[in-house]
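Q: return atomic coordinates for the entry below.
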Amino acid sequence: MPVDPRTPVLVGAAAVVQRGDDPSQLAEPLDLMEESGRRAADDAGSPVLLAQLDRIWATRGFWAYADPGRILGDRYGAKDVKTVVAEIGILQSTVLGKACTAIANGESEVAMIVGGEARDRANRYQRAGLDVPLTEQTEGSPDETLVPHQEIMGPLEIELGLVTPIIQYSMIDNALRAHEGQSLEAHREELGRLWGDFNEVAVGNEDAWNRKPRTPEEIVTPGEGNRMVAFPYTKSLVSQWNVNQAGAVILCSLGKARELGLDESRFVYPLAVVDNEHMVTLSERRDLWRSPGFANAGARAFEYVGRPPEEIEHFECYSCFPAAVRAQQREMGIPLDRRVTQTGGMTFGGGPLNNFVIQSFVKMVETMRASPGSYGCVTAVSGLITKQGVAVFGPEPGARPFLHDFVTEQTRSEQETRAVDGGATGRGRIATYTVSHDPNAAHGVAMIVDLDDGRRTMRVIDDPEWMALGESEELVGREVDVTEDGARWA
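A: Residues are numbered from 1 along each chain as shown. All right, here's what the predicted structure looks like:
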């Protein structure tokens with residue numbers, strides 16, 4: 001049976017990483033994005049692809065360019081390109097899904113997805129007391145802007161200072177530990193093994209930001225240069241976004257790719273992208289350790305391509321913090337002994353905010369090409385595992401057309417929630433907690449408490465004794481009497 005010429009195919013992919021002590025020798029985000037696009041075209045074997053781009057999809061970063069795709073299109077000579085900016089909060093898997101759908105529908109033939117950051121460069125300029133030179137583009141707007149439909153964080157979390165992802169992700173991780181009956185020491189060992197494997201991959205990845213070898217024990221042990229940030233997370237367990245990195249992938253219709261004479265042995269086929277956009281703030285989730293959206297998105301994607309996770313050779317699980325990876329492994333049925341990164345993750349590979357998944361796409365393409373006939377899965381997260389995306393790639397066109405699907409309504413009907421009352425008092429049990437050492441956010445033992453009368457509330461106890469106890473004993477399940485301004489042991 002002939003393959004539909006409108007089948008989307010990924011033909012080129014490239015990443016850029018820049019290091020250096022002199023910021024004047026480092027490129028701004030726009031230039032990094034431009035370079036990654038040029039390298040992606042070279043990777044495809046056809047620099048003329050750039051002038052034929054009809055869509056440029058850019059994922060928003062810390063930068064303030066109004067429409068970076070327009071500038072890139074001008075630089076590439078793509079005169080009639082349509083531009084899209086995906087704001088922070090839009091899954092990068094959604095961008096891939098929309099780009100592939102446009103190709104499958106005949107609305108696009110050559111498209112680029114691109115993003116980049118230069119936070120390390122900016123920090124170096126600022127430490128030198130200098131303004132950060134950037135291309136100014138304040139006028140104009142993209143042809144389309146993708147924006148999230150609601151906030152990812154509840155008002156009580158914001159009021160209590162639980163605004164940093166580190167605090168909330170560590171609470172998710174602690175809830176999962178307690179749910180599985182794992183001891184603090186066993187949990188620590190699992191985090192070390194998991195992130196130790198990520199580090200090993202980064203050491204071998206020339207595009208990784210931090211390639212210094214680290215042992216599992218070094219990663220999880222607090223000390224000089226590796227402070228405890230929010231229990232159980234040391235600095236070596238959290239995302240590193242002060243990087244200079246960019247990535248780009250080029251997609252074509254199969255017909256266009258063949259017309260251009262591109263090398264089909266290098267093609268990678270997006271087979272399915274499944275996203276969940278049902279958003280529930282952390283404190284409102286009944287089961288604080290779960291991510292039903294990943295269970296549903298994974299099941300739908302794997303069923304559609306006809307391959308369970310055991311038959312997918314390569315994974316890149318979104319890795320801002322260990323909790324995100326650990327939740328994905330369990331929800332999607334990925335064996336815990338499987339390697340789940342090709343980049344080295346956001347701690348070591350580098351986590352350029354809204355662009356990391358593009359870096360993941362790039363490395364997955366390289367991995368699959370090096371392992372002919374293999375399949376790959378790349379996942380995406382927005383917020384506090386608030387939105388979830390699963391993308392599956394194959395070495396040949398699928399038996400069914402490309403799918404971009406959503407499991408939003410299914411997840412909405414299945415995910416159980418709890419109302420949160422910030423002023424509630426009474427006796428209850430700690431549902432989860434962390435010990436935050438952040439001087440600019442919540443400091444102390446931050447906890448979610450389920451009261452005996454069925455209500456849920458939150459408190460932050462800034463007390464050295466509570467903090468010491470929370471890092472040496474399991475507090476989940478402990479009884480407390482919640483007062484208006486704090487809590488005491490029951």
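Q: got a list of contacts for stretch 454-473?
A: Residues outside stretch 454-473 that contact it (C-beta atoms under 8 Å, 6 or more residues apart in numbering) are 156-157, 160-162, 184, 228, 231-232, 283, 418-426, 428, 431, 433-436, 442-451, 475, 482, 486-487. (C-beta placed from N, C-alpha, C; glycine too.)
Q: for those, which ChimeraX command selects only the ones that are buried?
A: Selecting the buried subset of the contacts of stretch 454-473 in ChimeraX, with 16 or more other C-beta atoms under 10 Å as the burial test, is done by:
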select :156,157,160,161,162,184,228,231,232,283,418,420,424,425,428,431,433,434,435,436,442,443,444,445,446,447,448,449,450,451,475,482,487
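Q: just the contacts of stretch 454-473: which are in strands?
A: 228, 426, 428, 431, 433-436, 443-451, 482, 486-487 (DSSP state E).
Q: please pull out the lowest mean pLDDT helix or strand from the protein.
A: Lowest mean confidence among the helices and strands of the chain (mean pLDDT, DSSP states H and E): helix 155-160, at a mean of 92.
Q: give the other helices and strands that that one contacts.
A: Packing partners of helix 155-160 (3 or more C-beta pairs under 8 Å, 6 or more residues apart in numbering; DSSP states H and E): strand 456-461.
Q: what's the angle from the strand it packs on to strand 443-451?
A: 160 degrees (axes from the mean of the first three to the mean of the last three C-alpha atoms, to 10 degrees).
Q: what's the mean pLDDT across strand 456-461?
A: For strand 456-461, mean pLDDT is 97.
Q: quick one, it and strand 426-437 angle?
A: For strand 456-461 against strand 426-437, the angle by the same axes, to 10 degrees is 50 degrees.
Q: next SSE downstream of strand 456-461?
A: For strand 456-461, the succeeding helix or strand toward the C-terminus, using DSSP states H and E, is helix 464-470.
Q: quick one: distance of that following helix to the chain centre.
A: With C-alpha atoms, centre = their mean, to the nearest Å as the basis, helix 464-470 stands 31 Å off its chain's centre.
Q: for it, buried residues please.
A: For helix 464-470, using 16+ other C-beta under 10 Å, the buried residues are 466-467, 469-470.
Q: just curious, which of these is nearest to residue 105?
A: For the buried residues of helix 464-470, the closest approach to residue 105 (C-beta to C-beta) belongs to residue 470, at 52.8 Å.
Q: can you give me the helices in the stretch 251-400 of the chain?
A: For the stretch 251-400 of the chain, applying DSSP state H, counting those that start in this stretch gives helices covering 254-259, 292-305, 322-332, 345-348, 356-370.
Q: mind giving me the packing neighbours of the third one?
A: With contacts defined as 3+ C-beta pairs under 8 Å, 6+ apart, helix 322-332 has these neighbours: helix 165-179, helix 184-203, helix 292-305.
Q: would a markdown table of the ones you listed with distance to residue 68 and mean pLDDT be doable?
A: Compiled in a markdown table, the helices and strands packed on helix 322-332 are given as follows (distance: least, C-beta to C-beta, whole Å; pLDDT from 0 to 100):
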| stretch | distance to residue 68 | mean pLDDT |
| --- | --- | --- |
| helix 165-179 | 25 | 97 |
| helix 184-203 | 28 | 98 |
| helix 292-305 | 29 | 98 |
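Q: compare the ones you listed and give me the one nearest residue 113.
A: Nearest to residue 113, of these and by C-beta to C-beta, is helix 292-305 at 18.6 Å.
Q: then the closest one to CSV, C-alphas only?
A: Taking Å, rounded to 0.1, in the frame of the first residue of the first chain, the C-alpha atoms of helix 292-305 are listed here in CSV:
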residue,chain,number,x,y,z
PRO,A,292,-3.1,10.4,35.5
GLY,A,293,-2.5,12.5,32.4
PHE,A,294,0.7,10.6,31.7
ALA,A,295,-1.0,7.3,32.3
ASN,A,296,-3.7,8.2,29.7
ALA,A,297,-1.4,9.9,27.2
GLY,A,298,1.1,7.0,27.3
ALA,A,299,-1.6,4.4,27.0
ARG,A,300,-3.2,6.1,24.0
ALA,A,301,0.1,6.7,22.2
PHE,A,302,1.4,3.2,22.7
GLU,A,303,-1.9,1.6,21.7
TYR,A,304,-2.1,3.7,18.5
VAL,A,305,1.4,2.8,17.3
